[in-house]
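Engineer: Need coordinates for the below:
(one chain, ligands or ions: 1)
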Amino acid sequence: MDDVKIFLSEKELPQKWYNIQADLPEALKPPLKPDGTPVGPQDLSPIFPMELIKQEVSQERWIEIPDELLDVYKIWRPSPLHRARRLEKYLKTPARIYFKNESVSPAGSHKPNTAIAQAYYNKKAGVKRLSTETGAGQWGSALSFACNLFGLECTVYMVKVSYDQKPYRKFMMQVWGGKVFSSPTNLTNSGRAVLAKDPNSPGALGIAISEAVEDAATHDDTNYALGSVLNHVILHQTIVGLETQKQLKIAGENPDVLIGCVGGGSNFGGFAAPFVPEKLKGKNIKIIAVEPTSCPTLTKGPFRYDFGDIAKLTPLLMMYTLGHSFVPPAIHAGGLRYHGMAPLVSLLLNKKIIEAAAYPQNTVFEAAVTFAKTEGILPAPETAHAIKCAIDEAIKCRETKEEKCIVFNFSGHGHFDLASYDKYLSGKLEDYELPEEEIKKALGELPEMK
Ligand SMILES: *Cc1c(COP(=O)(O)O)cnc(C)c1O
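Structural biologist: Residues are numbered from 1 along each chain as shown. I've put the predicted structure just below:
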């Protein structure tokens, strides 16, 4: 078979999301309040609608996707699975490389998969406005797109460095009707506290989360939306892995290696989760989560309870973390600059069902350029972490002469990241390996929980 793309018809769109909580070898530890007691639905209801809170804790294996949502998914789904034949040839590898192309969504990444679901359930619950944070703007643009579709207002707290340096995603959000603020702002207590200490703060995802959560908690008609980390976000993203399974079957393939990049863990989690039951039944699948060496949550952080944000407004989550006060260096994969990791992805790593790898950004951009030159599509710097790992796995196959099937998730395109490509091409990109002392320092501020 010489096909380059494997399509599904709209009729073959998955009708249910897969909830991996039903198949975990051990239940997730509950989110905790700072006093150590578990967080209940009533604690989350000021900022999330009940349907999403139910999904967050559900143990049901399959959760129905509402028809109204399937209709919206059809704007760009099912997304194609590509065979990277030109990259294989370039690498002279006997491996077969596939990638699931999530860059075809209106916002250019996997993020609308959960944004539209979150907007839908909030609209049904009578909410008028959603508040959120965004780093480089991927999540803010996905949520602005989704809110516009369902008639909700959208307020986005955008990390200041990106607001100043990456205006194009801001304009994209504004086209879809989103209101964008440079975080830290003077609009929230959390923002004012940061500015009082450092009027020139460049901002950070943890700070912007504090602002967005505070906004939702202090306005009755407003809820909060998170683009990653939480269980319900990964649930919505499983549509990616479920489609991939159907497409691999059509191609007559059984995957040997599955790869995704990780920031908060949602594209990787949604892509890999549907394959975990097969692995638990004994099938030999290597599943790799890839992160930057400058924000090495899975490869260097401990597995413990920590807050999701700097102001400690979120519950404590059991996860791999570099400490909630950790502000990662300004690397060019903005979406991977988060101190924590999805509790679901964290548990899978802790149980050795998945493994983790980290790469410095220059080798990642080198892989991105190789991919753009062979396959044509220009990847987001986040996505390029998965590409780098896939290339390394394919090169190993060349050396061992193994004909493995390698599949990675192409989480988004890099059309708004060209300034970073310019830096790489002109040799101005710096590699950064986080010193152990800095990790120790950030972890020293963590609360002791049992
Ligand atoms: C946001 C983003 C990521 C990282 O977020 P996850 O929740 O870990 O998936 C990766 N790739 C792209 C293109 C993104 O926009």
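
Engineer: Name the nearest residue to Leu429, sequence neighbours excluded.
Structural biologist: Lys423 (4.9 Å; Cβ to Cβ, 6 or more residues apart in numbering). No exception for glycine: its C-beta is placed from N, CA and C like everyone else's.

Engineer: Tell me which residue in this protein sits closest to the ligand.
Structural biologist: Nearest residue of the chain to the ligand: Gly412, at 2.7 Å (Cβ to the nearest ligand atom).

Engineer: tell me the contacts of the nearest residue to that residue once chain neighbours are set aside?
Structural biologist: Distances taken as Cβ to Cβ, 6+ apart place Ser109 nearest to Gly412, at 3.1 Å, with adjacent residues excluded. Neighbouring residues of Ser109 by Cβ atoms under 8 Å, 6 or more residues apart in numbering: 102-103, 138, 142, 267, 380, 411-413.

Engineer: Is it possible to get TSV of these that adds neighbour count?
Structural biologist: Below are the contacts of Ser109 laid out as TSV (neighbours: other Cβ atoms under 10 Å):
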residue	neighbour count
Glu102	29
Ser103	23
Gln138	27
Ala142	32
Asn267	33
Ala380	29
Ser411	34
Gly412	28
His413	20
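
Engineer: Pick the one among the residues you listed closest to Tyr163.
Structural biologist: The shortest approach to Tyr163 among these belongs to Gln138, at 13.8 Å (Cβ to Cβ).

Engineer: can I assume the closest one is in contact with Pro112?
Structural biologist: No: if you go by Cβ atoms under 8 Å, Gln138 and Pro112 don't touch, sitting 9.8 Å apart.

Engineer: Nearest the geometric middle of this structure, what residue?
Structural biologist: Ser266 (3.8 Å; Cα atoms, centre = their mean).

Engineer: Apart from its chain neighbours, what residue comes closest to that residue?
Structural biologist: Excluding its sequence neighbours, the residue lying closest to Ser266 (Cβ to Cβ, 6+ apart) is Ser228, at 4.1 Å.

Engineer: Report pLDDT for that neighbour.
Structural biologist: On the pLDDT scale, Ser228 is placed at 94.

Engineer: That one: neighbour count?
Structural biologist: Residues lying near Ser228 (other Cβ atoms under 10 Å) number 26.

Engineer: For His82, what are phi and psi?
Structural biologist: phi -110, psi 140 (degrees, to the nearest 10).

Engineer: and it, what does it touch?
Structural biologist: The contact partners of His82, by Cβ under 8 Å, 6+ apart, come to 4-6, 98-101, 375, 410.

Engineer: Tell me what it is bridged to.
Structural biologist: Lys5, Phe99 (DSSP bridges).

Engineer: residues from the protein in reach of the ligand?
Structural biologist: Contact residues (Cβ under 6 Å from any ligand atom) of the chain with the ligand: 109, 111, 138, 228, 261-268, 335-336, 380, 382-383, 411-412.

Engineer: Please repeat the previous calculation with a cut-off of 5 Å.
Structural biologist: 109, 138, 228, 262-267, 335, 380, 382, 411-412 (Cβ under 5 Å from any ligand atom).

Engineer: quick one, domains of the chain?
Structural biologist: Using automatic domain parsing, the domain parsing of the chain gives 66-108+231-443, 112-226.

Engineer: what about the last one, distance to the chain center?
Structural biologist: Taking the mean C-alpha point of domain 112-226 and that of its whole chain, the gap between them comes to 16 Å (Cα atoms, centre = their mean, to the nearest Å).

Engineer: all strands of the stretch 201-350 of the chain, in order?
Structural biologist: Along the stretch 201-350 of the chain, counting by DSSP state E, counting those that start in this stretch, strands occupy 222-224, 257-261, 286-292, 303-307, 316-320.

Engineer: Point out the most buried one among these.
Structural biologist: strand 257-261 (a mean of 29; mean count of other Cβ atoms under 10 Å).

Engineer: want to throw the residues of the chain next to the ligand into JSON lines with distance to Leu316?
Structural biologist: Below are those laid out as JSON lines (distance: Cβ to Cβ, whole Å):
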{"residue": "Ser109", "distance to Leu316": "28"}
{"residue": "Gln138", "distance to Leu316": "26"}
{"residue": "Ser228", "distance to Leu316": "17"}
{"residue": "Val262", "distance to Leu316": "20"}
{"residue": "Gly263", "distance to Leu316": "20"}
{"residue": "Gly264", "distance to Leu316": "16"}
{"residue": "Gly265", "distance to Leu316": "17"}
{"residue": "Ser266", "distance to Leu316": "20"}
{"residue": "Asn267", "distance to Leu316": "24"}
{"residue": "Gly335", "distance to Leu316": "23"}
{"residue": "Ala380", "distance to Leu316": "30"}
{"residue": "Glu382", "distance to Leu316": "26"}
{"residue": "Ser411", "distance to Leu316": "28"}
{"residue": "Gly412", "distance to Leu316": "30"}
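
Engineer: among those residues, which two are most distant?
Structural biologist: Gly265 and Ala380 (16.1 Å).

Engineer: In a helix, Ile116, correct?
Structural biologist: Yes: when DSSP: H, G, I helix; E, B strand; the rest coil is applied, Ile116 is found to be in a helix.

Engineer: check contacts around it.
Structural biologist: Per Cβ under 8 Å, 6+ apart, neighbours of Ile116: 69, 72-73, 145-146, 149-150.
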